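Trainee: what's the 3D shape of this:
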Amino acid sequence: MTVVDEIKKLSVPVDEAIDGLLPVQKPEGLYEASRHIVKAGGKRLRPAVLLASAEAVGGDIQTAVPAAVAIELMHTFTLVHDDIMDNDPVRRGLPAVHTIWGEAGAILAGDTLYSKAIEIITTADNDPARLLKSANILSKTCVEVCEGQWLDIDFEKRDTVSADEYLEMIEKKTAIMFGAAAQIGAIIGGADAKVDQALYDYGRLVGLGFQIYDDVLDLTMPEEIIGKRQGSDIFEGKRTLLMIHATEKGAIPRAFGKGSGTKEDIEEAIQVLTDSGSLAYVKDLAVGYVEEGKAKLDILPDSPSKQLLKDMADYMLYRDF
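Mentor: Next up is the predicted model:
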C-alpha cells in the first residue's frame, strides 16, 4: 500500500465523522457554506498526521477521530478566510466560498468552522485533562496562524523581506498546524509530555518543508492538478523564499506583482528561477527540514504508524499535487 493509499484510508473515518459532527442545520446556507470546502475533499494530511501519531504512541485511531475532524475544520477555517484576503477564486478545484456566498457569508462560515473545531475537541470521549490540553494547543495554534497571516499581508506592502522573516511567517501560518496535529494525536493517544513535544517538533519541521515546497508547486503545477490558479504567488507579488532568493540574485520574473499573467509568463518565471538557482535552493532547504523532522521520531518505538509518519514526511516533498 502506497503512502497515498494510507492517507486515503485514514481519511475515511474522518470524512464519515464530518457528516455527524458538522451537519446541515438551520440556517441551511451557513452550514452549506461551512461544509463547501470541507466536503470537497483535499489531501487530509493534517488529520492523517494526527491519527498516525495517536497510533504511533500506542493509542486507538478511532478514539482520535474527533480530534482529527477538529484539526481539519480548523485548517479549513484558515483557508476560507485566506481566500477572502487573497481574493482567490478557486479552492480545491471548486469556487471559493466567498465567490458563492459573498465575503460576509464566508467570514461567518470560517467562524463557524473555528468554533465547531473547539466544540468537537472539547466534547470528545477521552480523558478531560488531555482534551483540555488539546483544546489549548488548538486555540494557541489558531492565534499563531493569525499572526502568520498578518505577517504575510504586511510583507506585500514592503519592498524587502528577509529569509528569516519569511521562515517565521510560514512557521506560524502553516508549519505549526502540522505540529499541533502531531502533538494532539500524541496527547489523545496517551503519550507523556516529552513524547508529545517531540511529535510537535516533527510536525513543525515537516510543515516548514511542506510550505517551502508548496511555493514551488504553486509555480510549477497546473491549476487542474493543484486546485488553484497556477503562479498566483508570482502574480500577486508575494515575498516567498523563492522570490527572496531570486531578488538577491537580481532575477525577477516579468510577471511578478502584475496581478495576472499568461502561460508564457509562467514558463518564463520557471526559467528565471531555475537559472538563478532559486528553485534548487528552496528544494534543498525543504529536504533539510523534512529530514530533521523525521529524526524527531527516533523517540518512538518502531511500528507501522511510525513508518507511516516518516513516509508522509517524504510525501510532503514528492507529492504530485
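
Trainee: centre-most residue in this protein?
Mentor: Thr174 (5.3 Å; Cα atoms, centre = their mean).

Trainee: in space, what's closest to that residue - neighbours in sequence excluded?
Mentor: Among residues not flanking Thr174 along the chain, Gln211 sits closest, at 4.1 Å (Cβ to Cβ, 6 or more residues apart in numbering). C-betas here are computed from N, CA, C, even on glycine.

Trainee: for the one you found, what are its contacts?
Mentor: Contacts for Gln211 (Cβ atoms under 8 Å, 6 or more residues apart in numbering) come out as Ile170, Lys173, Thr174, Ala175.

Trainee: tell me which two of the residues you listed sit farthest apart.
Mentor: Lys173 and Ala175 (7.8 Å; Cβ to Cβ).

Trainee: give me the more crowded residue out of those two.
Mentor: Neighbour count, other Cβ atoms under 10 Å: between Lys173 and Ala175, Ala175 has more, with 26 against 22.

Trainee: now do the same for the more buried one: helix, strand or coil?
Mentor: With DSSP: H, G, I helix; E, B strand; the rest coil as the basis, Ala175 sits in helix.

Trainee: for Lys43, helix, strand, or coil?
Mentor: Relying on three-state DSSP, one would call Lys43 coil.

Trainee: how many residues are close by it?
Mentor: Neighbours around Lys43, by other Cβ under 10 Å: 17.

Trainee: with Asn136 instead?
Mentor: 10.

Trainee: quick check: buried residues in stretch 256-268?
Mentor: Within stretch 256-268, the residues that qualify as buried are Phe256, Gly261, Asp265, Ile266, Glu268, counting by 16 or more other Cβ atoms under 10 Å.

Trainee: from the chain's centroid, how far away is the helix or strand bottoming out on mean pLDDT in the chain?
Mentor: Between all helices and strands in the chain, the lowest mean by mean pLDDT, DSSP states H and E belongs to helix 223-226, at a mean of 74. Offset of helix 223-226 from its chain centre (Cα atoms, centre = their mean, to the nearest Å): 17 Å.

Trainee: got a list of what Ala191 touches?
Mentor: Val57, Gly58, Gly59, Leu199.

Trainee: which of the residues you listed fall within helices?
Mentor: Leu199 (DSSP state H).

Trainee: so which of the contacts of Ala191 is the most crowded?
Mentor: Leu199 (32 neighbours).

Trainee: ok, now which ones touch Val287?
Mentor: Gly209, Leu317.

Trainee: which helix or which strand is home to it?
Mentor: Per DSSP states H and E: Val287 is located in helix 278-295.

Trainee: repeat that for Glu32.
Mentor: Judged by DSSP H and E, Glu32 forms part of helix 28-38.

Trainee: which strands and helices sit next to that helix?
Mentor: helix 61-86, helix 97-122 (3 or more Cβ pairs under 8 Å, 6 or more residues apart in numbering; DSSP states H and E).

Trainee: which one of these lies closest to Gln183?
Mentor: Using Cβ to Cβ, the helices and strands packed on helix 28-38 put helix 61-86 closest to Gln183, at 10.4 Å.
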